[in-house]
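Trainee: With the sequence up front, the predicted model follows.
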Number of protein chains: 2
Amino acid sequence: MRLVVVGGVAGGMSAAARARRLSEDADIIVLERGGEVSFANCGLPYFVGGEIQDEAQLLVQTPAGLRASLGIDVRVNTDVVALDPSARTLTISDENGRSQLTYDHLILSPGASAIRPPLAGLDSPRVHTLRTVPDAVALKAATRGAATAVVLGAGFIGLEAAEALQARGIRTSVVELAPHVLPPLEAEMAQLVRDELLRLGIDVRDGVSATSVEKGAQNDVVILSDGTRISADIIVLSVGVRPDTLLWEQAGVSCERGAILTDEMGHTSVEGIWAVGDATASADLVTGARRPVALAGPANRAGRLVADAIMGRRGHALPSLAGTAIVRVGELTVALTGANRRALDDAGLEYHTVHLHPLNHAGYFPGASQIHLLLHFGSDGRVLGAQAIGNDGVDKRIDVLSVAIKAGFTVRDLVDLDLAYSPPYGSAKDPVNMAGMMACNVLDGTLTLWHASDIDDVLATALVLDVRSAAEVAEGSLPGVLNIPHTELRDRMGEVREAADGRPVRVLCASGVRSYLAQRQLVHAGFDAANLSGGMLTLIAGLGARASQLITTN
Amino acid sequence: MRLVVVGGVAGGMSAAARARRLSEDADIIVLERGGEVSFANCGLPYFVGGEIQDEAQLLVQTPAGLRASLGIDVRVNTDVVALDPSARTLTISDENGRSQLTYDHLILSPGASAIRPPLAGLDSPRVHTLRTVPDAVALKAATRGAATAVVLGAGFIGLEAAEALQARGIRTSVVELAPHVLPPLEAEMAQLVRDELLRLGIDVRDGVSATSVEKGAQNDVVILSDGTRISADIIVLSVGVRPDTLLWEQAGVSCERGAILTDEMGHTSVEGIWAVGDATASADLVTGARRPVALAGPANRAGRLVADAIMGRRGHALPSLAGTAIVRVGELTVALTGANRRALDDAGLEYHTVHLHPLNHAGYFPGASQIHLLLHFGSDGRVLGAQAIGNDGVDKRIDVLSVAIKAGFTVRDLVDLDLAYSPPYGSAKDPVNMAGMMACNVLDGTLTLWHASDIDDVLATALVLDVRSAAEVAEGSLPGVLNIPHTELRDRMGEVREAADGRPVRVLCASGVRSYLAQRQLVHAGFDAANLSGGMLTLIAGLGARASQLITTN
């Protein structure tokens, strides 16, 4: 039996290796268009930035090593130029010219290509992408002597590239068409990432597009839609990827918006042809929507499952994906899992959101730092999505929440999670437990929230009660607030009644904890009271540029 | 309505605070025997060791602060001396003498006391326990001028105390009656902890008991059952805790082996009396066994749920517990969740075990370190328990596995977990995914394992094939092995056949990865082949003291 795998990275190589472990007899051939297989594509920005110093470290496997340990015939610099599914034959092109290769099973793992928008000047030699080891080597070489760089696209890889360039002493700008960096994040989370980019010295241009590149002798100039001109010795194009599937679609493999469609075992519409990885459409665990997910983990695991299916192992369907993703930005870790507002709105799902800022571990243990955590959940309590940002412990909470989403857990289940606690690692009530408690409070009516998006309505119609200390309020608060520290509220309820004069009371504090205690007292005293989700921390981030107009110091 | 809470730490204080948030009307009184409430009991060893420098940091809440923010009447140094359930009346004793206190609802959160074994000399003033802030202050004071210490009991707190004392320059011994330190761990995991304790300079005496303490003028001497005499300026008693329930049991509250029994809402056998925390029996999530679980997290969360029940919130039963626990030992993190071998054997459950040593994050990213991971799972694939040890990323994997256990996941589900991956945080195949893959291989027969416990049988009846490099083998291997590096096995299968001479082949390498590839080839070639679970790393740890006899260098 001959198994041919097209694409020797992530999903493709996982499939080939697993197939060999299940069968010593199979003839396994991997065809890779590039010069390397199983390279560390997620490590490329760190090589550019210098954290990974040796190019050899990026080559996790070599063709020779794979032949020795697994008996796999790995052919690099080999392109597939035609597929004849009825004859189960590929036409391949390599240094020896064209030839035919037959297969019994074919696994397509072609990955995705960088999207190249139709911008004038994008053919400049100063324009780089960052998808392969040669890309990374070329970009790193270009950093020598470079003073300025523009990264087009502030997604995960764009930000990693920007940080790498900035770390090499290059004045770097990132340009993002979407209203904020890391578009999958909610705005109030992305603002924290923006702040960190600025702290690193990176120039952030969001909500604006590049319209052209002016090629010059000394450097290029990137022209933005708002007229800004940014000089650039280096331009990195990182505006997204597109499944690399034209050839397969033309040969009759069913695709949807360019992504290969498979059944739940990874088999395409054509007998004997399977597909995995960035080029395929995956089902979303929360919304059920089908879309390509360009993540290494799901690709690797799908490769293994498809090999199982080909080798006749009892079925294990390809899972729906929570789309869990993570990126390091400066000293922050930024991670998300499940659906965001946009996906929930697109799917027509109703949901609530809570924001909290718990410490990563016991506050009395040295080195505690805040985690900014956001949780979306349905009216039935089902956990739908989560996002977190902080210095430490972010990856753990998002992983825990991704498992909770996969389990179909509700926020009540989050309260009961039995997470490892000792002062260096967490708190007796872990941030995930806390998020569950807050969400339960919302569902049973104990906690009523207001959000940054309600700001105009609140300022127009409600009394804003700020229950922080006078010193905190002096450093900045909303206009016209009544300030009563939460510990004095029981004795000063009359002042609230007078100031409210029949209006609702909207409470706030720094992070939403003290104001929750106040809100409970206000509700008991008969007020229509709601608590600002996530407190001033989340409000300021959620208001973005408006914050500096609205928040005034005394 | 009056709510009286007995015990102002963890579960008790959580219940009181939650009750106030749900009701401004309730009269809430907390009675605490000690001088502090809501103190950081998990932080006490770090105060002794000096990482937490200020005693005030241990006091998370104060009676005055709780009165101001929550209107709770907190009475410290107040003991309960009698309970009359029919009259719903407590007799309390404080500095003003005895008095009566009625209640509508009573929450018992008395905690547990240090077990004091009947050893001669244990009344020495050099003997300390470490349960309260005054205990910690006294122990820290005793470290000044002390040169030697003995910690009796190598459980979680015992090891934290030993490390704290050693960090203060005191020559410290730990004595543990069980065969190994941290008795809930499996032996092959505990050995790694033992090695770390020795690296810290701590003298480890396991599998031996203290028989008496000889009190002396200069110092005491601890006498062990093997006759050893250890001088000690300080003795820390940490051999376990016992629920503090005699008074309640005598008043008619049903207990089992000293632990208060409750229904699923936390209500005891007596109307109006509820109980939470270390003094109660909890159901084990995996085995269903009922036992007291002395962990802060479950106690805190139970307090909240009981307050909900008392205040008439819609029910949310107290959860069964995975018993997730974690401890830092030197540079290691040690954590476990779910059932261990003993609990599984006691429950009569059949299970398999896999060992693996994956890196905490991508190997090509700087700073990767190994996680030693063990997974128990049932023949039906259900995840039953896990233990992990390493420098970094251990807490995350154990938390993920604790959620998986709560979800009732099988090892197939572990394969599909969508965990956050980027080079600084994990791998495309996370250690938890890898554990699931190995376990699936065991269940479907792709992977057959042998363990350290099979060593005598293997040496007597099988050919041991060591597929590491010759250089690795020279540094130590089992007697009589055939060494063929895994990359040469396909070409040298005849040598194996000759050496095996009809015997089974038991393969090994350093960690079990290369030997798995070899095992697959051997099975295909017709051998009865099995792979050493966790490789030499786990074998050496599992053999313990026998390792130095069996493993020889060439």
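Mentor: Okay, I see it. Residues are numbered from 1 along each chain as shown, chains lettered A, B, ... in the order given.
Trainee: what mean pLDDT does the helix or strand A:V334 falls within have?
Mentor: Assigned by DSSP states H and E, A:V334 belongs to strand A:332-338. The predicted model assigns strand A:332-338 a mean pLDDT of 98.
Trainee: Which neighbours in the sheet does it have, and how are they oriented?
Mentor: As defined by DSSP bridges, the strand partners of strand A:332-338 come to strand A:325-329 (antiparallel), strand A:383-390 (antiparallel).
Trainee: Highest mean neighbour count out of those?
Mentor: Mean neighbour count (mean count of other C-beta atoms under 10 Å in any protein chain shown) peaks for strand A:383-390 among the strands paired with strand A:332-338, with a mean of 27. Heads up, the C-betas are built off the backbone N, CA and C, glycines and all.
Trainee: hmm, back to that, adding mean pLDDT, write the strands paired with strand A:332-338 out as JSON lines.
Mentor: Converted to JSON lines, the strands paired with strand A:332-338 look like this (pLDDT from 0 to 100):
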{"stretch": "strand A:325-329", "mean pLDDT": "98"}
{"stretch": "strand A:383-390", "mean pLDDT": "98"}
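Trainee: mind listing the strands for the stretch 251-400 of chain A?
Mentor: Along the stretch 251-400 of chain A, counting by DSSP state E, counting those that start in this stretch, strands occupy A:255-256, A:259-260, A:273-275, A:281-283, A:290-292, A:325-329, A:332-338, A:351-356, A:371-378, A:383-390.
Trainee: Can you give the distance from the strand holding A:V334 to the centre of its chain?
Mentor: What separates the centre of strand A:332-338 from the centre of its chain is 6 Å, taken as C-alpha atoms, centre = their mean, to the nearest Å.
Trainee: which residues are contacting it?
Mentor: In this structure, residues lying in contact with strand A:332-338 by C-beta atoms under 8 Å, 6 or more residues apart in numbering or on different chains are A:182, A:184-185, A:189, A:192-193, A:196, A:285-286, A:322-328, A:376, A:383-392, A:394-395, A:398-399, A:401-402, A:405, B:418, B:420, B:425.
Trainee: The spatially most central residue of chain A pairs with what?
Mentor: With distances taken as C-alpha atoms, centre = their mean, A:A325 lies nearest the centre of chain A, 4.3 Å away. As for beta bridges, A:A325 partners with A:L336 under DSSP bridges.
Trainee: Make CSV out of the strands of the stretch 251-400 of chain A and add distance to B:S124.
Mentor: Shown next, in CSV, are the strands of the stretch 251-400 of chain A (distance: least, C-beta to C-beta, whole Å):
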stretch, distance to B:S124
strand A:255-256, 78
strand A:259-260, 74
strand A:273-275, 73
strand A:281-283, 66
strand A:290-292, 70
strand A:325-329, 53
strand A:332-338, 49
strand A:351-356, 48
strand A:371-378, 46
strand A:383-390, 47
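Trainee: Quick one: name the residues of the stretch 401-550 of chain A near chain B.
Mentor: Within the stretch 401-550 of chain A, the positions adjacent to chain B are A:402-404, A:406-407, A:409, A:412-413, A:415-426, A:428-430, A:433, A:437, A:440, A:444, A:446, A:486-487, A:490, A:514, A:516-517, A:520-521, A:524-525 by C-beta under 8 Å from any C-beta of the partner chain.
Trainee: Using the three-state scheme, assign A:A87.
Mentor: coil (DSSP: H, G, I helix; E, B strand; the rest coil).
Trainee: wait, what's in contact with it?
Mentor: A:T102.
Trainee: Now do it, the pLDDT please.
Mentor: For A:A87, pLDDT reads 97.
Trainee: list the buried ones in the lengthiest helix in chain A?
Mentor: Counting residues, the longest helix found in chain A (DSSP state H) is helix A:296-310. Within helix A:296-310, the residues that qualify as buried are A:296-310, counting by 16 or more other C-beta atoms under 10 Å in any protein chain shown.
Trainee: Near chain B, list only the ones from those residues.
Mentor: Answer for the buried residues of helix A:296-310 near chain B (C-beta under 8 Å from any C-beta): A:296-301, A:304-305.
Trainee: just the angle between the strand holding A:V334 and strand A:371-378, please?
Mentor: Computed by axes from the mean of the first three to the mean of the last three C-alpha atoms, to 10 degrees, the angle separating strand A:332-338 from strand A:371-378 equals 10 degrees.
Trainee: what residue ranges in the stretch 201-350 of chain A score low on pLDDT?
Mentor: Scanning the stretch 201-350 of chain A with the threshold set as pLDDT under 70 gives A:315.
Trainee: show me where it has helices.
Mentor: Here the stretch 201-350 of chain A has its helices, by DSSP state H, counting those that start in this stretch, at A:246-250, A:296-310, A:341-346.
Trainee: who wins for proximity to B:L119 among the strands of the stretch 251-400 of chain A?
Mentor: strand A:371-378 (45.6 Å; C-beta to C-beta).
Trainee: Might you quantify the distance of that closest one from its chain's geometric centre?
Mentor: Distance, centroid of strand A:371-378 to centroid of chain: 15 Å (C-alpha atoms, centre = their mean).
Trainee: Now do it and strand A:351-356, the angle between them.
Mentor: Using the same axes, to 10 degrees: strand A:371-378 against strand A:351-356 is 160 degrees.
Trainee: so does strand A:371-378 get close to chain B?
Mentor: No: under the criterion of C-beta under 8 Å from any C-beta, chain B is not reached by strand A:371-378; the shortest gap measures 13.4 Å.
Trainee: How many residues are close by A:V400?
Mentor: 25 (other C-beta atoms under 10 Å in any protein chain shown).
Trainee: packing partners for the longest helix of chain A?
Mentor: Judged by 3 or more C-beta pairs under 8 Å, 6 or more residues apart in numbering or on different chains; DSSP states H and E, helix A:296-310 is in contact with helix A:11-22, strand A:105-108, strand A:273-275, helix B:411-416, helix B:431-443.
Trainee: Show me the strands in the stretch 101-250 of chain A, by range?
Mentor: Along the stretch 101-250 of chain A, counting by DSSP E, counting those that start in this stretch, strands occupy A:105-108, A:112-114, A:127-128, A:148-152, A:171-176, A:203-206, A:210-214, A:220-224, A:229-232, A:234-237, A:241-243.
Trainee: re earlier: reformat the helices of the stretch 201-350 of chain A as TSV; add distance to A:R290.
Mentor: Shown next, in TSV, are the helices of the stretch 201-350 of chain A (distance: least, C-beta to C-beta, whole Å):
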stretch	distance to A:R290
helix A:246-250	16
helix A:296-310	13
helix A:341-346	12
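Trainee: A:G7 contacts A:S113, doesn't it?
Mentor: No: with contact defined as C-beta atoms under 8 Å, A:G7 does not count as touching A:S113 (12.0 Å).
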